[in-house]
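> Build me a structure from this.
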Amino acid sequence: MNAPWTPPLFGEGLDRGALWNAFLALAGRGLAIDDQRSMGFQLAEPPAPDAHCLRLQLAGDSRSIVCEVRDFPFRDLFQVELSVADLAMLPDGVREAVTEGMIASLRSLLPPDFAADLTIAEEGPAARFLPALGPEASWFSVRLQRIDGLFADLRVGAPPSLIVGRLSRDLLFGIGQPGPLAETLMITADVTLGAITLAAGELAALEQGAVVVMAETHAETLKVRVGEIVYAFTQTGEGWRCSGPQSLDRHRPRAALHRQESRLSEDMAPATGDAADHPGTDVAAPADAAEPSAISLSDLRIAIDFDLGRSMVPLGTIAAWQQGMVIDLALPTLTDGVEVTIRANGDVVGHGDLVRIDDRIGVRITRFALRS
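Numbers count the residues shown, from 1 in each chain. Got it, this is the predicted structure:
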């Protein structure tokens with residue numbers, strides 16, 4: 001059974017403005033729901049105040065979706081000569097029965113999870129529902145189509161927050177693979193040498209000329225960081241072989257305050273000293289033992305990244321970075337003098353130059369602008 005494809009650790013962290021722009025970039029395209037159904041949409045104007053509309057709601061969401069059915073294949077599905085405009089002239093009982101059949105047919109054209117959560121709250125003229133949507137509502141003309149050519153045309157309005165939060169989800173996370181939205185959503189990716197985790201006091205002690213040496217890193221291996229996940233790529237004769245997504249370990253317990261040893265992350269080791277051979281041990285204090293006065297700002301841990309470059313990559317491309325896959329990537333060459341950007345918790349705090357030390361790779365800090 002195929003499970004929905006979800007980018008690791010992305011779901012709640014995606015920028016909603018970027019999602020909205022990526023969603024609008026799909027306007028005018030045919031979007032496959034599955035091998036039997038497709039859809040397309042365009043921006044549209046709101047319906048006339050007297051247009052007959054349905055107010056819809058999704059399970060667990062108090063916000064409304066307003067839908068005007070503009071064209072529906074009554075003849076092909078129900079074997080009756082009827083148009084949407086005729087619905088208003090039907091007796092109440094007949095109209096309700098026809099409307100229920102129409103909605104059931106429309107559900108069969110929608111993504112299954114979305115259709116299952118959709119309910120009809122009420123129906124009536126658009127003027128009754130438009131004020132509740134508010135002026136910020138966005139309107140779309142939507143066509144739902146079967147593989148045999150049958151289609152229905154709708155006009156749909158909803159708050160952008162609902163569209164981004166739910167409607168786009170079915171386009172971003174398809175069944176077993178990225179949905180079409182993943183082709184237009186651009187994600188920031190950093191080519192990185194690795195990271196260290198330092199206490200704030202240790203970070204403040206870094207200065208120009210210091211050298212940080214990579215720990216246990218193959219010279220032909222590069223990493224790409226995307227949000228809070230990292231992909232390692234090893235150069236082969238055919239291209240770059242991917243390790244698959246790995247979670248970054250950013251949240252380490254605070255070391256016992258009486259210890260003075262520096263603890264680096266697994267990715268990096270100090271240029272001198274024996275900390276790599278005799279690492280300190282982080283100790284988590286019991287929940288009821290710590291006193292607020294015992295926590296010093298200088299002991300707070302900060303993630304430091306050493307990056308070689310930043311680019312925007314389609315989410316669909318990142319989805320292809322699976323374990324064992326060989327991918328054609330334009331990654332930088334690890335030669336002496338290549339500029340390295342130093343980031344603390346994502347903010348640029350300095351720069352350095354890549355240096356080769358025997359078969360190891362390090363960074364010589366050339367500029368460091370972190371204030372104490």
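
> residues of stretch 55-63 that come out buried?
Of all the residues in stretch 55-63, those buried under the rule 16 or more other CB atoms under 10 Å are R55, L56, Q57, L58, R63. From N, CA and C alone the C-beta is placed, and that goes for glycine too.

> What are the buried residues along stretch 303-319?
303-309, 314-319.

> again with stretch 152-169
For stretch 152-169, using 16+ other CB under 10 Å, the buried residues are 152, 154-160, 162-164, 166-169.

> again with stretch 98-106
V98, T99, M102, I103, S105, L106.

> next one: stretch 339-350
Buried residues in stretch 339-350, counted by 16+ other CB under 10 Å: V340, T341, I342, R343, A344, V349, G350.

> quick revisit: with the buried residues of stretch 152-169 in mind, which one is nearest to Q323?
Comparing those against Q323 with CB to CB places R169 closest, at 25.5 Å.

> What ranges in the stretch 151-300 of the chain fall below the confidence cut-off?
167-180, 215-219, 249-295, 298 (pLDDT under 70).

> Tell me how the chain divides into domains.
If you go by automatic domain parsing, the domain ranges for the chain are 16-184, 186-368.

> mind checking the end-to-end distance for the last one?
Read that as domain 186-368. Taking CA to CA, to the nearest Å, domain 186-368 runs 30 Å from one end to the other.

> What of the shortest one?
Here the two ends of domain 16-184 are set 14 Å apart, with distance taken as CA to CA.

> picking that back up, which pair in the buried residues of stretch 98-106 has the greatest spatial separation?
Greatest spacing in those, by CB to CB: V98 and L106 (12.5 Å).

> what about the longest helix in this structure?
Looking across the chain with DSSP state H, the single longest helix is helix 92-107.

> Please enumerate the helices of the stretch 201-350 of the chain.
If DSSP state H, counting those that start in this stretch is used as the criterion, the helices of the stretch 201-350 of the chain fall at 315-319.

> where do the strands sit along it?
211-214, 221-226, 229-235, 240-242, 246-247, 268-270, 301-314, 326-327, 339-344, 347-357 (DSSP state E, counting those that start in this stretch).

> Locate A152 within the secondary structure: which element?
strand 151-158 (DSSP states H and E).

> Any idea how far that strand is from the middle of the chain?
Relative to the centre of its chain, strand 151-158 is centred 27 Å away, using CA atoms, centre = their mean, to the nearest Å.

> relative to helix 92-107, how tilted is that strand?
Strand 151-158 runs at 90 degrees relative to helix 92-107, counting by axes from the mean of the first three to the mean of the last three CA atoms, to 10 degrees.

> Packing partners of strand 151-158?
Helices and strands touching strand 151-158, by 3 or more CB pairs under 8 Å, 6 or more residues apart in numbering; DSSP states H and E, are strand 64-71, helix 92-107, helix 126-133, strand 138-146.

> going on from it, what's the next piece of helix or strand?
Assignment by DSSP H and E places the next element after strand 151-158 at helix 160-162.

> what's that following helix in contact with?
R16, W20, L58, D61, R63, I65, E136, A137, S138 (CB atoms under 8 Å, 6 or more residues apart in numbering).

> Which of the helices or strands spans the residue nearest to G309 when sequence neighbours are not counted?
Of all residues not flanking G309 in the chain, V191 sits nearest, at 4.7 Å (CB to CB, 6 or more residues apart in numbering). Under the criterion of DSSP H and E, V191 resides in strand 186-199.

> now for that strand, which elements pack on it?
strand 211-214, strand 221-226, strand 268-270, strand 301-314, helix 315-319.

> how about it: buried residues?
So strand 186-199, judged by 16+ other CB under 10 Å, has buried residues 186-187, 189-199.

> Columns distance to P46 on top of these, output as TSV?
Formatted as TSV, those follow (distance: CB to CB, whole Å):
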residue	distance to P46
M186	30
I187	33
A189	39
D190	43
V191	46
T192	47
L193	53
G194	53
A195	50
I196	54
T197	52
L198	55
A199	56
